[in-house]
Structures are given as C-alpha cells and as structure tokens.
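Asker: Make a model of this:
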Amino acid sequence: MHEYSIIAALVDKVEAIARERKAVAVRRLLVRIGELSGVEPELLATAYTTFRVQTICEDAEMTILPVAARWMCSGCRRGIQRGEILRCAACGAPGKLAEGDEIILERVEMEVA
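Answerer: This next block holds a predicted model:
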C-alpha cells in the first residue's frame, strides 16, 4: 500500500513547512489527487488518519480534491474529450495528458505564534 509512503512524505513536508514558518499547529491540508495518479483517495485518507498520530498534523483535517484526467493535443493544444481517440481530430498529433496524474499539496493552514 504505497499510500502510507505518500502520507509519510506529505507529513514530512508539512512538518518542514511548519518549522520554516514557526507554526505551533497545523489545522488543515488540501491535497489534489489526479484520477490517474495511482492513488486511491479512500486509502490515502485512511493512511493519513493512522499516520498523523503524534505529528504536527495530529489535529489537522485533510481534504482531498480529486482531479479528473484531461487530455490535449500536443501540437495545436486542442482539448481531447473523454472517450475520444488520443489523437487530435484537427491536426493528427498525439494527445498528451494535461492534468490528472498529480499528487499536490495545495494548501497548508497553520497556526503561527
């Protein structure tokens, strides 16, 4: 279950950010998870609940914002709709993933002394 290693890295990052800003507590996290990232949001939430104990994130709520996969033409940058062939109907160039594979710590809300 690689969600635990993702959460471990996330908590390490949040702790570093909190130290840098001299925070006394972290209250909320916002994480963007792409549908093609290979991460199961429910498993990530469970891993967070387990792993945050005795860390600066212990009382912090984590909100997961799912990000749908979005494809576009690598040539003319035209959007390619879900279910279409991943080749541009206008210019024939192959499609490329524009978003949907990310795992991003979008926001950390913390209490600073």
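Asker: What residues does L105 make contact with?
Answerer: Contacts for L105 (C-beta atoms under 8 Å, 6 or more residues apart in numbering) come out as L10, K13, V14, L29, L30, V31. All C-beta spots, glycine's among them, are computed from the backbone N, C-alpha and C.
Asker: Name the nearest of those relative to E40.
Answerer: Of all the contacts of L105, V31 has the smallest distance to E40: 13.1 Å, by C-beta to C-beta.
Asker: Assess the claim that R32 and E106 are in contact.
Answerer: Yes. Applying C-beta atoms under 8 Å, one finds R32 in contact with E106, separated by 5.1 Å.
Asker: Tell me which of these two has more neighbours.
Answerer: Higher neighbour count among R32 and E106: R32, with 17 against 11, using other C-beta atoms under 10 Å.
Asker: For the more buried one, which three-state class applies?
Answerer: Of the three states, R32 takes strand according to DSSP: H, G, I helix; E, B strand; the rest coil.
Asker: now it: how far from E58?
Answerer: R32 sits 23 Å away from E58, going by C-beta to C-beta, to the nearest Å.
Asker: worst-scoring helix or strand of this protein, pLDDT-wise?
Answerer: Every helix and strand of the chain was ranked by mean pLDDT, DSSP states H and E. The lowest is strand 79-80, at a mean of 92.
Asker: I'm done for today, thanks for sticking with me.
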